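> Test case, fold it:
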Amino acid sequence: MVRDRHPTMRPALAPVSAQRAFVQSIVVEVPNPKTAIVDLTFSAVDIVCVVCASAVVAKLQRPRRSQQIMQRIGGSILVAHGARLAFQDRQGPQRVMISTAR
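Prediction:
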């Protein structure tokens, strides 16, 4: 990091509104080819994820039997976690005392 030896020589910056800063950032980023490539790549990935997720959701919403199975599995997991918490050792982890005397 470079430090300015004469901080009083810096020009004063006028405060900028959030809207103005947003517009300025768009003006700077739009002509940047790297930004365009990254944006297109992530947009394509996002589209694929949305299409796949919507297909999975549509498939799971069709039959009523799959919803019942998912609810039972989810409920069983919650009951199992509750039982584990109820029956676990309440004293916490056992501490081992190591004697340093010989």
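
> What about Pro31, how many residues nearby?
8 (other CB atoms under 10 Å). All C-beta atoms are positioned from the backbone trio N, CA, C, and that covers glycine.

> Kindly state the pLDDT recorded for it?
Turning to Pro31, the model gives it a pLDDT of 82.

> Now do the SS call for it.
State at Pro31, reduced to three classes by DSSP: H, G, I helix; E, B strand; the rest coil: coil.

> Distance check, it against Ala58.
40 Å (CB to CB, to the nearest Å).

> which sections of this protein are below the confidence cut-off?
1-11, 90-102 (pLDDT under 70).

> Kindly indicate whether Val16 is helix, strand or coil.
Applying three-state DSSP: Val16 is coil.

> and it, how far is that from Pro31?
In terms of CB to CB, Val16 sits 20 Å off from Pro31.

> tell me, what residue is most central in this structure?
Asp46 (14.6 Å; CA atoms, centre = their mean).

> So what's the gap between whatever helix or strand that residue lives in and the chain middle?
If you go by DSSP states H and E, Asp46 is part of helix 33-61. Remark: helix 33-61 is offset 16 Å from the chain centroid, using CA atoms, centre = their mean, to the nearest Å.
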